[in-house]
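A.B. asks: I'll drop the sequence and a predicted model, then ask my questions.
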Amino acid sequence: MDAVKRALDRWVKLWNTYDLNMVEELFLTDDRVTYFSSEKRGLIKGYEALMQHHRGFGFVEGGKDTGNRLWLEDVETQGFGPVSVVKADWLFRRRGSDRDQRGPVTIVYVDEGGGPRIAHAQFSNY
């Protein structure tokens, strides 16, 4: 579970740095990866679509300082052999705002021998 915790911490860092380069190290990089956004309707399927989705949120190679902040609360992780399921609440605060967005997130990690990678993520809003 320590490897999943480190991978999850890196995913939070991805959202706080907007570093598009981190997507490749955190997610499966083939057509199996899937993602439901809390901001856009429909299933995002495949690595190229996932990259385009992150670009659409302003992620860039090398990252940038947006002043936005994402963090997780009430994190629970359950292991199923090479698969781990993380359940948590995500919180997001935009620069200059005093209001947090919040919702549930489920992230499915798989370890095919190179450490845990995200195979699926699903976000929603409260």
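C.D. replies: That came in fine, so what should we check first? Predicted model only: the values in this text are computed from it and were never measured.
A.B. asks: alpha carbons only for contacts and neighbour counts from here, please
C.D. replies: Will do.
A.B. asks: Can you list the residue ranges for strands in this structure?
C.D. replies: For the chain, the strands defined by DSSP state E cover 34-36, 43-45, 69-80, 83-93, 101-111, 116-123.
A.B. asks: and the fifth one, what other elements does it pack with?
C.D. replies: Here strand 101-111 is seen to pack against strand 83-93, strand 116-123 when contacts are counted using 3 or more CA pairs under 8 Å, 6 or more residues apart in numbering; DSSP states H and E.
A.B. asks: of all the strands of the chain, which lies closest to residue 6?
C.D. replies: Among these, strand 116-123 comes nearest to residue 6, with 9.3 Å by CA to CA.
A.B. asks: pLDDT of that closest one, averaged?
C.D. replies: In this model, strand 116-123 has a mean pLDDT of 97.
A.B. asks: Residues touching that strand, excluding its own?
C.D. replies: 3-4, 7, 25-28, 32-38, 103-111 (CA atoms under 8 Å, 6 or more residues apart in numbering).
A.B. asks: any weak-confidence spans in the protein?
C.D. replies: The model of the chain has no residue with pLDDT under 70.
A.B. asks: Can you point out the buried residues in the helix ranked longest in it?
C.D. replies: Ranked by number of residues, the top helix in the chain under DSSP state H is helix 2-17. Within helix 2-17, the residues that count as buried by 16 or more other CA atoms under 10 Å are 4, 7, 8, 10, 11, 12, 13, 14, 15, 16, 17.
A.B. asks: For the helices and strands packed on strand 101-111, could you give me a markdown table that also reports mean neighbour count and distance to residue 54?
C.D. replies: Formatted as a markdown table, the helices and strands packed on strand 101-111 follow (neighbours: other CA atoms under 10 Å; distance: least, CA to CA, whole Å):
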| stretch | mean neighbour count | distance to residue 54 |
| --- | --- | --- |
| strand 83-93 | 18 | 16 |
| strand 116-123 | 21 | 13 |
